[in-house]
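Asks: pasting the sequence and the predicted model now:
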Amino acid sequence: MKFIFVTGGVLSGLGKGITASSIGKLLMCRGLKVSAIKIDPYLNIDAGTMNPFEHGEVYVLDDGGEVDLDLGNYERFLDISISSEHNITTGKVYQTVIDKERRGDYLGKTVQIIPHVTNEIKGRITSIARGSNADLTIVELGGTVGDIESMPFLESVRQLAVEVGRENCIFLHTTLIPILGSVGEQKTKPTQHSVKELMALGIKPDLIVGRSSVELDEAIKSKISMFCDVSKEAVISAPDSRSIYEVPLVLEKQGVSELIIDRMRLKPLTRDMDLSEWKGFLQSVLSPSMTVDIALVGKYTDLADSYLSHLEALTHAAAQEDCGVNVLFTDSDRLLSEGPEAVLGKAHGILVPGGFGTRGVEGKIVAARYAREQGIPFAGVCLGFQVATVEFARNVIGLERANSTEFDPRSLHPVIDLMPEQRELNSKGATMRLGSMKVMIREGSRAHSLYGSTEAWERHRHRFEVNPEYIDQFERAGWRFSGRCEEGRRMEIGELEDHPFFMASQFHPEFKSRPGRPSAMHSGLVQAAMQRKRDS
Ligand code: GLN
């Protein structure tokens, strides 16, 4: 078993996940099989109950795991599908340890952080590494070295390095190299302090990745090398880049993959790295022939991470068309106060993503109506599908006050309603309709031409659905349910026929979009938006 343990110092939000995914990508391009684990030291069992305002989007895996958004980066960069065991949280670890204690598994022992919690952590890491049959496993530790919550995890990986042999492990530490404004000098002191902290825990980094707005000066690399006791080649510069997809190339220019392969005596399949496809994709991302404006109408718009997978899916879809996307983050409440024309008038396309709770919903309904009536390309996802359905019910079918029972439990026309199996549930954690499920697509529909198939597997995360009692009424009036679940009872895709592009889905296509393999719905939106721009 071989591991790369990725830690972070100085502050959070340094792009540890992107660094780790990029390194994985590089090693993969040398023919190595790479697996990834993300550790989140919070007490939540999973990210499912966390507010996107605080923590960014909740990413959904095939198996229905509701996980940290970094797992999305691993899936996108490594083009793999991972399971929820790859996201280890303090909550999961403690729950198992406490369950074992209650069962009497510890045979009368005093149950302690060391060794019981640390053994549980090590057990989880090694079982994934073994199970995935990978040449190496990247383990990213969330948070910052020095946080109280991270301590058991750092101690566990320290022990693990001793157990599997230090030569089979690389500790990679990402830190911030701030630049002082007036003199423009790169400062290494925060890095020195954070490395010292790591060393006090018994971990000596092998590689230091210095995040900064610009490339690190040679002199600064030397200084970090000397003060932090790593060789100079092992000090890697990670300047701000134009796209996250550029990071693998920036790292590779500094010889990162070779360094890791040497240190861990890995046996790559090829000497040469084939990054041509990735570079082609990056080229379209960085210098597209045209750019379209897509309005993303939501309520978590102050934090772009809340919609991360949509942003990536739009990037993937656009790159495929040699197009760029300028996302206009639009707080849906503005549609009520300023009116749709003022807010959305310039957009070539409109995307209404998923969401929960009443706030912002009426604004999203206004957006769907405006897109439908003005012929503006529209995509709705999950809640976006539900609001498009409510809008259609109210303004085309004429069911006044139609609503989802999530927002109006006593609605006269509950066109969106709680799924029957949800009614008895009291607990919020991991109880939605979650994960990958088969969608049957109607032949001859727009969805069919975009998917190029009558079947698709897409990921879900919802409690409400189209009320089956209204399906016929919708279909007759022209809101066509071109995608349904396998049994046919659950509506998965809705589309309008006489419209440049108006499609919405109950599932979340953004989670399966990959560079070079964009989501069908995002592709449809971008293509129609390009057409609109050309026509205007
Ligand atoms: N709140 C809606 C539901 O639970 C939509 C969920 C979502 O957008 N992810 O069905």
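Replies: Perfect, thanks for sending it.

Asks: could you list the residues of the stretch 251-400 of the chain in contact with the ligand?
Replies: Neighbours of the ligand within the stretch 251-400 of the chain, by C-beta under 6 Å from any ligand atom: Gly354, Gly355, Phe356, Cys382, Leu383. Quick note: C-beta positions are derived from backbone N, CA and C, even for glycine.

Asks: which members of these occur in helices, if any?
Replies: Using DSSP state H, the members of those that fall in helices are Leu383.

Asks: pull out the buried members of the residues of the stretch 251-400 of the chain next to the ligand.
Replies: Among these, the ones that count as buried by 16 or more other C-beta atoms under 10 Å are Gly354, Gly355, Phe356, Cys382, Leu383.

Asks: grab the nearest non-local neighbour of Met440.
Replies: Arg484 (5.4 Å; C-beta to C-beta, 6 or more residues apart in numbering).

Asks: contact partners of stretch 11-22?
Replies: 4, 6-8, 36, 38, 69-70, 73-74, 76-78, 138, 140, 142-144, 172, 174-176, 209, 211, 238, 244, 247-248, 251 (C-beta atoms under 8 Å, 6 or more residues apart in numbering).

Asks: change it to 7 Å
Replies: Contact with stretch 11-22 is made by 6, 8, 70, 73-74, 77-78, 138, 140, 143-144, 174, 176, 209, 211, 238, 244, 247-248, 251, as judged by C-beta atoms under 7 Å, 6 or more residues apart in numbering.

Asks: ditto for stretch 214-221
Replies: Counting by C-beta under 7 Å, 6+ apart, Ile177, Gln186, Thr188, Gly210, Lys232, Val235, Ser237, Pro239 sit against stretch 214-221.

Asks: extract the C-alpha trace of the strand or helix carrying Ile23 and format it as CSV.
Replies: Using DSSP states H and E, Ile23 sits in helix 16-29. Extracted as CSV, the C-alpha positions of helix 16-29 are listed here (Å, rounded to 0.1, in the frame of the first residue of the first chain):
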residue,chain,number,x,y,z
LYS,A,16,-5.7,21.5,-1.4
GLY,A,17,-8.3,19.4,-3.1
ILE,A,18,-7.4,20.8,-6.5
THR,A,19,-3.7,20.2,-5.9
ALA,A,20,-4.4,16.7,-4.7
SER,A,21,-6.7,15.9,-7.7
SER,A,22,-4.1,17.4,-10.1
ILE,A,23,-1.4,15.2,-8.8
GLY,A,24,-3.7,12.2,-9.1
LYS,A,25,-4.4,13.1,-12.6
LEU,A,26,-0.7,13.3,-13.5
LEU,A,27,0.1,10.0,-11.9
MET,A,28,-2.9,8.5,-13.8
CYS,A,29,-1.6,9.8,-17.0
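
Asks: return the distance of it from the chain's centre.
Replies: In terms of C-alpha atoms, centre = their mean, to the nearest Å, the centre of helix 16-29 is set 15 Å apart from its chain centre.

Asks: before we move on, back to that, just flag the most distant two among the buried ones among the residues of the stretch 251-400 of the chain next to the ligand.
Replies: Phe356 and Cys382 (9.5 Å; C-beta to C-beta).

Asks: any figure for the gap between Gly142 and Glu197?
Replies: 16 Å (C-beta to C-beta, to the nearest Å).

Asks: quick one: which of these two has more around it?
Replies: Gly142 (24 against 17; other C-beta atoms under 10 Å).

Asks: pLDDT-wise, which helix or strand of this structure ranks last?
Replies: Every helix and strand of the chain was ranked by mean pLDDT, DSSP states H and E. The lowest is helix 52-55, at a mean of 83.

Asks: check whether the helix or strand following it comes into contact with the ligand.
Replies: Downstream of helix 52-55, the first helix or strand assigned by DSSP H and E is strand 59-60. No: judged by C-beta under 6 Å from any ligand atom, strand 59-60 and the ligand are separated, with a smallest distance of 8.7 Å.

Asks: what packs against strand 59-60?
Replies: Counting contacts by 3 or more C-beta pairs under 7 Å, 6 or more residues apart in numbering; DSSP states H and E, strand 59-60 packs against no other helix or strand.

Asks: just checking, next helix/strand downstream of it?
Replies: Using DSSP H and E, the first helix or strand after strand 59-60 is strand 66-67.

Asks: what is that following strand packed up against?
Replies: Secondary elements touching strand 66-67 (3+ C-beta pairs under 7 Å, 6+ apart): none.

Asks: what sits up against that strand?
Replies: Asp46, Ala47, Gly48, Val58, Tyr59, Val60, Leu61, Ser84, Asn87, Ala430, Leu434, Arg461.

Asks: mind running it again at 10 Å?
Replies: 38, 40, 44-50, 58-61, 82-84, 86-87, 89, 429-430, 432, 434-435, 461 (C-beta atoms under 10 Å, 6 or more residues apart in numbering).

Asks: buried ones among those?
Replies: Using 16+ other C-beta under 10 Å, the buried ones in the contacts of strand 66-67 are 38, 40, 44-48, 50, 58-61, 82-84, 86-87, 89, 432, 434-435, 461.

Asks: before we move on, back to that, from the contacts of stretch 214-221, pick the one nearest the ligand.
Replies: Nearest to the ligand out of those is Pro239 (C-beta to the nearest ligand atom; 35.7 Å).

Asks: and the closest one, how far is that from Arg211?
Replies: Taking C-beta to C-beta, one finds Pro239 at 8 Å from Arg211.

Asks: same deal with Tyr42?
Replies: 23 Å.

Asks: more crowded one of these two?
Replies: Arg211 (25 against 16).

Asks: element containing that one, please.
Replies: strand 207-212.

Asks: could you name the helices and strands sitting against that strand?
Replies: If contacts are counted by 3 or more C-beta pairs under 10 Å, 6 or more residues apart in numbering; DSSP states H and E, strand 207-212 sits against strand 3-8, helix 16-29, strand 169-176, helix 189-200, helix 218-228, strand 235-239, helix 256-263.
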